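**Student:** model this:
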Amino acid sequence: MVGLPYSGKSTYIRNHPTLSALSVVDSDSYIEKKAKAENTSYGAIFDREIEAALKYRDWLTQKLIRQQRSFIVDQTNLTRMARTHWIELAQKHHYRIVAHVFALPSDESQLLARRQRRVDKVIPIAVLADMIVSFEEPSDNEGFIEIVQVDGYV
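**Tutor:** The predicted structure is shown next:
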């Protein structure tokens with residue numbers, strides 16, 4: 001998955017019959033479960049839990065590889081550099097690499113509207129603005145077998 005927060009990546013996975021059957025590797029679900037267990041918000045514990053969430057994500061990835069199971073990386077992966085680790089890992093283990101790329105919002109209001117609906121997970125506007133600026137469109141020469149364009153803001 002490649003796309004901004006609030007673009008619909010996780011929802012797309014849940015609603016896509018082929019993808020919903022696969023294991024999902026991410027850091028958000030770990031933090032969301034911890035927040036729920038502590039009766040607090042994602043944002044309130046993010047800084048404290050992100051390191052553990054990333055360790056869990058990496059452990060799960062290795063487990064799935066050992067089991068030779070297909071999986072989805074549900075993260076923003078906005079830059080070529082962010083995607084390189086995942087692509088190299090997948091190539092090393094002979095996985096088929098497909099990018100589902102969620103279009104940037106046509107205007108800021110779409111992103112802000114989705115952000116307002118996610119009171120459990122608020123990302124500062126300045127951080128979102130930096131993410132938009134840093135976005136690099138994925139290309140075939142990165143190692144993708146297929147690039148699927150998704151309009152996540154419809």
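
**Student:** Please count neighbours and contacts with C-alpha atoms only from this point.
**Tutor:** Fine.

**Student:** Next, the buried residues of the helix or strand of the chain with the lowest mean pLDDT.
**Tutor:** When the helices and strands of the chain are scored by mean pLDDT, DSSP states H and E, helix 108-117 comes last with a mean of 80. With burial defined by 16 or more other CA atoms under 10 Å, the residues of helix 108-117 counted as buried are Leu111, Arg115.

**Student:** so after it, what's the next helix or strand?
**Tutor:** helix 125-134 (DSSP states H and E).

**Student:** Tell me what angle the least confident helix or strand of the chain forms with helix 125-134.
**Tutor:** Orientation check (axes from the mean of the first three to the mean of the last three CA atoms, to 10 degrees): helix 108-117 against helix 125-134 gives 130 degrees.

**Student:** Tell me which residues are up against helix 108-117.
**Tutor:** For helix 108-117, the surrounding residues in contact (CA atoms under 8 Å, 6 or more residues apart in numbering) are Tyr6, Ser7, Pro105, Lys121, Val122, Ile123, Tyr153.

**Student:** dump the residue contacts of the fifth one.
**Tutor:** Val122 makes contacts with Gly43, Arg115, Gln116, as judged by CA under 8 Å, 6+ apart.

**Student:** contacting residues for the spatially most central residue of the chain?
**Tutor:** The structure's the chain has its C-alpha centroid closest to Gln75; by CA atoms, centre = their mean the separation is 1.6 Å. Taking CA under 8 Å, 6+ apart, we find Gln75 in contact with Met1, Val2, Gly3, Asp26, Ser27.
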